[in-house]
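In: following is a predicted model, sequence given first.
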Amino acid sequence: MILVDTNIIINFWKNPIQEQKIIFNRNDIAISGITISELIHGAKSKKQIQMMKKAFEGFIVLNIESEDWVEVGLLLYRLKKSGISVPFQDVMITFICLKNKAKLWTLDNHFKYIQKEIKELELFSETLGDGLY
């Protein structure tokens, strides 16, 4: 499974590239509630929000459960102890990936810093030929 970050969705909606279409069509693609919120936050109109909500139906949605918050806190603590400061939502996305054994498809460099400490985080890149498509 591949968890797709907000920046990948935005880029795909603006300029759908054939290679990305293949990845979206041939893999189990998920988004998080965080991505849904970020996309709606960036909407320009209510009509665009309605279109987004329809598009979200095509994804598996992965979220955090109430019992997961301690583990998110432990990830934040681990990163802080290693001197890594990244946005809170990126740590939540990292946790969702780890919990669901999903690769993360993102353009955000924060995740490379996270991965230095959280080696279990797998990053997906269509340019690496991950063999998923």
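Out: That came in fine, so what should we check first? Residues are numbered from 1 along each chain as shown.

In: okay, CA-based contacts and neighbour counts for the rest of this
Out: Fine.

In: what helix or strand is Lys116 on?
Out: In this assignment (DSSP states H and E), Lys116 forms part of helix 110-117.

In: please name every helix or strand in contact with that helix.
Out: helix 69-81, helix 88-100 (3 or more Cα pairs under 8 Å, 6 or more residues apart in numbering; DSSP states H and E).

In: show me what the helix or strand following that helix packs onto, helices and strands only.
Out: Where DSSP H and E defines the elements, the next helix or strand beyond helix 110-117 is strand 123-124. Applying 3+ Cα pairs under 8 Å, 6+ apart, we find strand 123-124 packed against strand 103-105.

In: okay, buried residues for the strand it packs on please.
Out: Going by neighbour count (16 or more other Cα atoms under 10 Å), the buried part of strand 103-105 is 103-105.

In: hmm, back to that, turn the helices and strands packed on helix 110-117 into JSON lines, including distance to Leu123 and mean pLDDT.
Out: Below are those laid out as JSON lines (distance: least, Cα to Cα, whole Å; pLDDT from 0 to 100):
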{"stretch": "helix 69-81", "distance to Leu123": "17", "mean pLDDT": "96"}
{"stretch": "helix 88-100", "distance to Leu123": "10", "mean pLDDT": "96"}
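
In: what's the most buried one of those helices?
Out: Across the helices and strands packed on helix 110-117, averaging neighbours per residue (mean count of other Cα atoms under 10 Å) puts helix 88-100 on top, at a mean of 19.

In: no further queries at this time; thank you.
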